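Enquirer: can you look at this prediction? I've put the sequence above it.
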Amino acid sequence: MGFHFYGTISAIVFPTFLTATCYLGTWVLMLLDGSWTEIFSLREWKISFQEWTWWRHIIVGPISEELAFRSCTAVLINYCFGWSSSLFISPLFFSLCHFHHIHNDLKEGATLSNAILQRAFQATYSYLFGVYATYLFLRTGHIFAPIFSHSLCNGLGLPNIAEIGTYQKETRIKLWISYFVGLFLWILLLDPLTTPILYQFL
């Protein structure tokens, strides 16, 4: 189920750092537009704590979804069908859950085609994240690994490509480089930072 006293600190630190490297471009963008200061602002944290949507996206959502889809579903599929099936099949349930929002989209005035496209896009990146979260869980054996990474991803969101276009050419090039460097570092560190031996002690 992924609950252990041993390796808890490692399960929080290493996977979260790994996930953060993939967001290198986002961190650089936050430095440029000044939004990084909000991370250290007590006022912003106080406002966040008072918003139920923040609790849902950063705390409740990641915990409940990872418990359901990783700690339960992934474990069951892994036990019955093996590691690979768990890695690629269990995220499907997590991904397909997003299509129920189409009903709300239609009520808010969206066309059926736009609603389907929007939720298909959301389901796609949710599936990809689900594969990653399942990989973290299966490799580390700790549920904290996908929970903290999920929370970080929800907080940072998808790369803000539109904002990149507002900068001068030289800055845009640097931003794109930072995004690709972040992706390269993530790929490079994926295996060593999820080596099971790291999660057996601290």
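Expert: In hand now; what should we look at?
Enquirer: going by C-alpha atoms from here, please, whenever you check contacts or count neighbours.
Expert: Noted.
Enquirer: quick one: least confident helix or strand in the chain?
Expert: Taking mean pLDDT, DSSP states H and E as the measure, the helix or strand of the chain with the lowest value is helix 161-164, at a mean of 88.
Enquirer: tell me which helix or strand comes right after it.
Expert: Beyond helix 161-164 on the C-terminal side, the first helix or strand identified by DSSP states H and E is helix 169-190.
Enquirer: show me what that following helix is packed against.
Expert: Other helices and strands packing on helix 169-190, by 3 or more C-alpha pairs under 8 Å, 6 or more residues apart in numbering; DSSP states H and E, are helix 8-22, helix 24-33.
Enquirer: could you list the residues in contact with the shortest one?
Expert: When you say that, I think you mean helix 24-33. For helix 24-33, contacts defined as C-alpha atoms under 8 Å, 6 or more residues apart in numbering pick out 36, 156, 159-160, 164, 175-182.
Enquirer: so can I have CSV of these showing distance to residue 120 and neighbour count?
Expert: Rendered in CSV, the data for these read as follows (distance: C-alpha to C-alpha, whole Å; neighbours: other C-alpha atoms under 10 Å):
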residue, distance to residue 120, neighbour count
36, 31, 15
156, 21, 13
159, 18, 13
160, 19, 12
164, 25, 18
175, 28, 22
176, 26, 14
177, 28, 14
178, 28, 20
179, 24, 22
180, 25, 16
181, 28, 17
182, 26, 22
